[in-house]
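> turn this into a model:
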Amino acid sequence: MSGGVDSSVTAHILKKQGYEVIGVTMKVWPQDCISRAEDKCCGPSAIADARGVAHALGIPHYVVDEADQFEQIVINYFASEYKAGRTPNPCVMCNERLKFGNLWDKAQALGAGYIATGHYAIIDHGPDGAVLRKGRDPRKDQSYFLFSLRQEQLSRALTPLGGMTKPEIREIARELGLKVADKVDSQEICFVPGNDYKAFLRSHLGEEEFHRGGIYDVSGKFLGDHEGIEMFTIGQRKGLPGGATGPRYVVDIDPDNSRVIVGTEEDLVREEFEVDRVNWIQGQPSGPVEGNVKIRYAHPGAAAVIEPLEGGRASVRLVEPQRAVTPGQAAVFYDGDTVLGGGWIVRKPSLVAA
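You can find the predicted model right below:
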């Protein structure tokens, strides 16, 4: 229970369905982040809200301290990906390793058989295993963030909000008299104040850890210096040298040489890419499959042919080229509303020679 309306209504629905419900809130902020976590889903006020909802629903409530694990698994991953010139997705990592990972040991200790969350996704449990599907509300669908869950994790997961819309959920909370009924949704990474990841990295890593270097165009021409590859992501326009006849974008990051490569919008477009650490939810297909791929959470999806490769990799050939395919981001594969699986976008060879 995060203290928000979604997890609160989840608890109510499960109790109404006859489950014995236990509310658990993970304390995940490190001690040096307490002051800036006040308005976050993992902050102290959120824990107070979750405790109040649990009391109103008549269910027990526990707080589990996962701050050390959160820092090691999520925050350090977040920082190290930027240091490697990749753009991370901490929500996927938190779901896989903490919410549906470490928390399972705590759930078992409390005698629980499932972990339930307020994710907008549908998990169907059948004789052939669990199937992950998109949530009914296309504006809130969060199946993307659950693609890396394995069968043993999905089989003990419940997401009762998947077939509902946000207005329906808020109305239930109002009928129950829950004070979180109209609580504003957080649109930011929970541990990054003001959604300013650059300021967070400066605070977490320290300026001396940044990889400074040069900015080059795709022809290899030096355009200027930069203060760290950690400050850039594919598709970025801000913070680049001027003087070009048209807009410039970051089209590649070369972490080995601390270079940022810029080019035109056309240089951002890709027809194919590879992913690694692929998770096939219902088993790896024997050959290429046609489907849709989302290359970031807000991406609408694009038709593609996905071909499994050796070593847990896959190639993705896009029917129509897509803009800003970003190393480090998750590419999630769909067959209609069903999640086939997904992996992590890997960097292609640099656009320019070192």
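> in the chain, which helix or strand is least confident?
Every helix and strand of the chain was ranked by mean pLDDT, DSSP states H and E. The lowest is helix 197-205, at a mean of 87.
> what's next to it, contact-wise?
Contact with helix 197-205 is made by 75, 79, 82-83, 189, 191-193, 210, 230-231, as judged by Cβ atoms under 8 Å, 6 or more residues apart in numbering. Quick note: C-beta positions are derived from backbone N, CA and C, even for glycine.
> check stretch 79-88 too.
Contacts for stretch 79-88 (Cβ under 8 Å, 6+ apart): 77-78, 197, 201, 204-205, 209, 211, 229-230, 233-234, 253-255, 326-329, 347.
> try stretch 171-189
Residues contacting stretch 171-189 (Cβ under 8 Å, 6+ apart): 3-5, 8-9, 12-13, 39-41, 49, 52-53, 56-57, 78, 90-91, 170, 194-195, 197.
> any idea how far that stretch is from the chain center?
22 Å (Cα atoms, centre = their mean, to the nearest Å).
> may I see the buried residues of it?
172-173, 178, 180-181, 183, 186, 189 (16 or more other Cβ atoms under 10 Å).
> strand partners of whichever helix or strand residue 332 is part of, parallel vs antiparallel please.
Element membership for residue 332 (DSSP states H and E) is strand 330-335. When pairing is defined by DSSP bridges, strand 330-335 lines up against strand 289-294 (antiparallel), strand 338-345 (antiparallel).
> put the alpha carbons of the last one into PDB.
What it means is strand 338-345. Coordinates of each C-alpha in strand 338-345 appear next as PDB, following Å, rounded to 0.1, in the frame of the first residue of the first chain:
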ATOM      1  CA  THR A 338      -1.200  -9.800 -24.400                       C
ATOM      2  CA  VAL A 339       2.400  -9.100 -23.300                       C
ATOM      3  CA  LEU A 340       4.700 -11.600 -25.000                       C
ATOM      4  CA  GLY A 341       7.700 -10.400 -23.100                       C
ATOM      5  CA  GLY A 342      10.400  -7.800 -23.600                       C
ATOM      6  CA  GLY A 343      14.100  -6.900 -23.000                       C
ATOM      7  CA  TRP A 344      16.500  -4.000 -22.600                       C
ATOM      8  CA  ILE A 345      17.500  -2.000 -25.700                       C
END
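> re the thing from before, ranking the contacts of helix 197-205 by neighbours, who comes first?
With neighbours taken as other Cβ atoms under 10 Å, the top of these is residue 82, carrying 27 neighbours.
> quick revisit: let's have the buried residues of stretch 171-189 in a markdown table, adding secondary structure, distance to residue 104 and pLDDT.
Shown next, in a markdown table, are the buried residues of stretch 171-189 (DSSP: H, G, I helix; E, B strand; the rest coil; distance: Cβ to Cβ, whole Å; pLDDT from 0 to 100):
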| residue | secondary structure | distance to residue 104 | pLDDT |
| --- | --- | --- | --- |
| 172 | helix | 27 | 96 |
| 173 | helix | 27 | 95 |
| 178 | coil | 27 | 92 |
| 180 | coil | 26 | 91 |
| 181 | coil | 30 | 91 |
| 183 | coil | 27 | 85 |
| 186 | coil | 24 | 72 |
| 189 | coil | 24 | 79 |
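> for residue 24, state which of these is nearest.
residue 180 (16.5 Å; Cβ to Cβ).
> for that closest one, grab phi and psi.
Main-chain dihedrals, residue 180, degrees, to the nearest 10: phi -90, psi 10.
> with residue 307 instead?
Dihedral angles for residue 307 - degrees, to the nearest 10 - are phi -120, psi 120.
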